[in-house]
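> here is my input; please provide its structure:
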Amino acid sequence: VNAGSRRRKRSAAQIEITINGNTVSGGSFTYDSSVTPTLSSISPSSGSPLGGGVLTITGSALGAKWGSVLVGEEKCSLLTWMDTKITCTIPKNNHGQHSVYVSVAANGYADTTGVDKFTVDFKVTDITPRVGSSLGGTRVRIEGKGFGNCSDVSSIKLGDLMSCDVDECSDTKITCTTKRIGKVITTNNGGKHPQYGLGYVWNPKEITIQPGDSVKWLWTLTTKSKTTGINVHQTDSSSSNEYNGKGFSSGEKKASGGLQETFTAPGTYFFSSDSVFGVDLFMPGKITVVGDAADTVLDLEVNMTDISAFHDLATGASGDAFSQTDCTVVDTFTCATAPTAADKFQFKSATCLTPDVTSLAISSGPKNASVPSWGFEDSELTITGTGFSSTACQNQITIGTAGHQCVVSSATATSLVCNVKGNPGNMEPLESLKNQQITVNVLNQGKAIMNLPNPDMAKFKLYPKIISTNIAEGSWAGGSILTLSGTGLLPRGGKEAVLVIFGEVGSQKSCAIVDVKYDYISCLVPDFLELKGVQTDLEVPISLEMGYKSENPVTASPLTFTYKSSLLATVDTMTPTKVTANTPVTITGTNLGTNIANIQVFAQSRSSVGRRRRSIPQPQEEIVPQPEKMHPFWKQFKTDSNGKPKWRCFGKNLDNGCKHDSVVQHVETETISRSKRSVDHEEWLRQLEKEDDEKVTFEICESGSSEDCAERLESLDDRNMHSRRKRSASEEDLIEMAL
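Purely as a prediction, here's the structure:
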């Protein structure tokens, strides 16, 4: 339709139709300004890429019948419609200026020449630097507009190889750190064994991955045998099936299970299972980790859900210096050139900018000479390789996923020396007895590749060390708080994975754990009175088992505790024996001491002391009488009307003497009634557990340490608050409980 270029109050336009180069004309269409809707304003005139909020449109001749509104090409969901005012919900939209189109029923589109376009700002104008390590760890600044506070920025990606974790953000600048996106390769027991068939070979059994990728083992066997199952663990070679004690392990074999392990160091890793069942049936395999062989150019994406930021290459960088707040970068590396695409911003993952670690060892004395990356708090690590900075703060060495620092004390381009700090105070302590990944990052290149002869050396294992104890002797009745001080005393598994044992095998007792922290373990000294006999003093060894593998901490000398009669206090009398509130009481005995500050007296019901007398009555058992049963032997005889055998008897008392029950009363064993456990039995056991907790708390508070007492009371309150609720039981559960 050719309507001409200038609007008239009323004008007619000829209608022409062209098809395949053939044009016909006829009829006309009249444009009439008197019936043309007109827009006078829109508010607001800009918005977020994600939309939201209300767009208010004012104008004239919009009619009473609802039409439709578009912002650019996106539909604006209507809220209200009046002749002079329309409201709608602002839709999601891409970066740019978008015309607002209002379609009025029966009259067509409104005239928008008098209103501004709706503006959406979401663009990138620069990225610096544009090169970095192939393993991530490079700090990047992205400039642009429309980032907000990054709460709506759903992802920042560099191709499919890396993401970028936001460190700082404003509406015009984002500072983030590149991070390699690890892939997960899954293997299962779906391979076919030549003799035993499906289910006994890993599929695949040989896997090739890159640093940062993970392997996930999954297995399932249909078996009821407890001796048949699968597990997976690292071995030293392809010919070995035994766990090497240093690498990954899924633990005991099971009919079904899984394990996932992330590999950061290049090299070859061998793995196997234990024998699946009673023959030499093992499931070996191999993982090969190889680094990038060449540089990779990656496209930058900044996204808000499914909307990507526009790349504005014309505006250019702001010119502001990109500095690191925690270190002045002195050494810069220029071996890689930045990519120069004409239509988008890109980042180059460069192998020459990836620092290379070739050896790592604890130089101040490792825990185990055969594994020189196992050490203690403040152990000194020496790392050699290439691509390091001679500026100490440019080299960041961390241990574990939480990023515990190994503080650099000296640095050259080829050597770094640092000291492990497992309890810095500003974060959770480093768990001991757990293999933790060592990461070397050089500002502003990125993460180093761990090219070690033995890839297991890329992990540090912190070992616990006992340095001192607060007491070495005490009463035969126990009750003192023993505090073992040291470093690395918080193992993987926490408090539940710590056991303190008094005595030799055959006469051992555990020291009830009160608290476990990185630098101390405290426990309640056990009562040894039952082993006293005629002995005056007895020195017993103290041993500790920590972690899931029950490993022993390192001690400067063997730990012992001496029970002494001279420290055993006794109470002979108390007067009066009946008291009310504020009644003075006199107690006499031996070894009570003379320092009032060291004496505490508690009143406690006798029924709440020990397990022999309980303050909580045990639920009564319901006796379920069993129906009387007759042995099948008697059923082969002639029976009376009651179904019992008839007997021929001699004597005066024929009636009683010939009754079956009288004849066999000394032959058959009386049927024993079965006990039916009350449904409240489980609740009773929980109450007993609570009572025992209160008893231990009482003994701790009675020992004289107000700090330990306060901590124990707080712990008891927390435990009571989070105690499990009484379990509801189904009909099947109740039947099982009753049986």
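> for the rest of this, base every contact and every neighbour count on C-alpha atoms.
Will do.
> wait, what's in contact with the spatially closest residue to P429 that is not a sequence neighbour?
Nearest non-adjacent residue to P429, counting by C-alpha to C-alpha, 6 or more residues apart in numbering: N423, 4.7 Å away. When the contact criterion is C-alpha atoms under 8 Å, 6 or more residues apart in numbering, the partners of N423 are P429, L430, Y518.
> from what I can see the last one touches G494, true?
No. The criterion here is C-alpha atoms under 8 Å, and Y518 misses it with G494 at 9.8 Å.
> who has more neighbours, the two?
Looking at Y518 and G494 with other C-alpha atoms under 10 Å, you find the greater number of neighbours at Y518, namely 21 against 18.
> list the contacts for that one?
By C-alpha under 8 Å, 6+ apart, the neighbours of Y518 are N423, P429, L430, G486, T487, G488, L489, L490.
> one step back: list the residues that contact both of Y518 and G494?
Residues touching both Y518 and G494 do not exist when contact is defined as C-alpha under 8 Å, 6+ apart.
> F282: which of the contacts of N423 is nearest?
In terms of C-alpha to C-alpha, no member of the contacts of N423 lies closer to F282 than L430, at 35.5 Å.
> look at the nearest residue to F147 once chain neighbours are set aside and give its secondary structure.
Take F147 and drop its neighbours on the chain: the residue closest to it by C-alpha to C-alpha, 6+ apart is D171, 4.5 Å away. Put simply, D171 is coil when judged by DSSP: H, G, I helix; E, B strand; the rest coil.
> any low-confidence regions in the stretch 201-350 of the chain?
The model of the stretch 201-350 of the chain has no residue with pLDDT under 70.
> which parts of it are strands?
If you assign secondary structure with DSSP state E, counting those that start in this stretch, the strands in the stretch 201-350 of the chain sit at 206-209, 214-220, 233-235, 256-262, 267-272, 285-289, 296-304, 307-308, 310-311, 346-350.
> can you lay out those as JSON lines showing distance to Q508?
Below are those laid out as JSON lines (distance: least, C-alpha to C-alpha, whole Å):
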{"stretch": "strand 206-209", "distance to Q508": "48"}
{"stretch": "strand 214-220", "distance to Q508": "41"}
{"stretch": "strand 233-235", "distance to Q508": "34"}
{"stretch": "strand 256-262", "distance to Q508": "36"}
{"stretch": "strand 267-272", "distance to Q508": "38"}
{"stretch": "strand 285-289", "distance to Q508": "44"}
{"stretch": "strand 296-304", "distance to Q508": "63"}
{"stretch": "strand 307-308", "distance to Q508": "67"}
{"stretch": "strand 310-311", "distance to Q508": "72"}
{"stretch": "strand 346-350", "distance to Q508": "60"}
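> those into a markdown table, with extra columns for mean neighbour count?
Compiled in a markdown table, the strands of the stretch 201-350 of the chain are given as follows (neighbours: other C-alpha atoms under 10 Å):
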| stretch | mean neighbour count |
| --- | --- |
| strand 206-209 | 16 |
| strand 214-220 | 18 |
| strand 233-235 | 24 |
| strand 256-262 | 16 |
| strand 267-272 | 22 |
| strand 285-289 | 19 |
| strand 296-304 | 20 |
| strand 307-308 | 19 |
| strand 310-311 | 20 |
| strand 346-350 | 23 |
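> G52 is nearest to which of these?
In terms of C-alpha to C-alpha, the element of these nearest to G52 is strand 296-304, at 13.4 Å.
> partners of that closest one, with directions?
Taking DSSP bridges as the criterion, strand 296-304 pairs within the sheet with strand 155-158 (antiparallel), strand 307-308 (antiparallel), strand 346-350 (antiparallel).
> now it: how far from the chain's centre is it?
In terms of C-alpha atoms, centre = their mean, to the nearest Å, the centre of strand 296-304 is set 29 Å apart from its chain centre.
> and stretch 594-607, by the same measure?
The gap between where stretch 594-607 is centred and where its chain is centred comes out at 44 Å by C-alpha atoms, centre = their mean.
> alpha carbons of that stretch, as CSV, please.
Output in CSV follows, covering the C-alpha atoms of stretch 594-607 (Å, rounded to 0.1, in the frame of the first residue of the first chain):
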residue,chain,number,x,y,z
THR,A,594,41.5,-26.2,101.8
ASN,A,595,40.7,-23.9,98.9
ILE,A,596,37.1,-23.1,98.8
ALA,A,597,37.3,-22.0,95.2
ASN,A,598,38.1,-25.6,94.2
ILE,A,599,35.1,-27.1,95.9
GLN,A,600,31.6,-27.4,94.5
VAL,A,601,28.7,-29.2,96.2
PHE,A,602,25.7,-30.4,94.2
ALA,A,603,22.4,-31.9,95.4
GLN,A,604,21.1,-34.6,93.2
SER,A,605,18.4,-37.3,93.5
ARG,A,606,19.9,-40.7,94.1
SER,A,607,17.5,-42.2,91.6
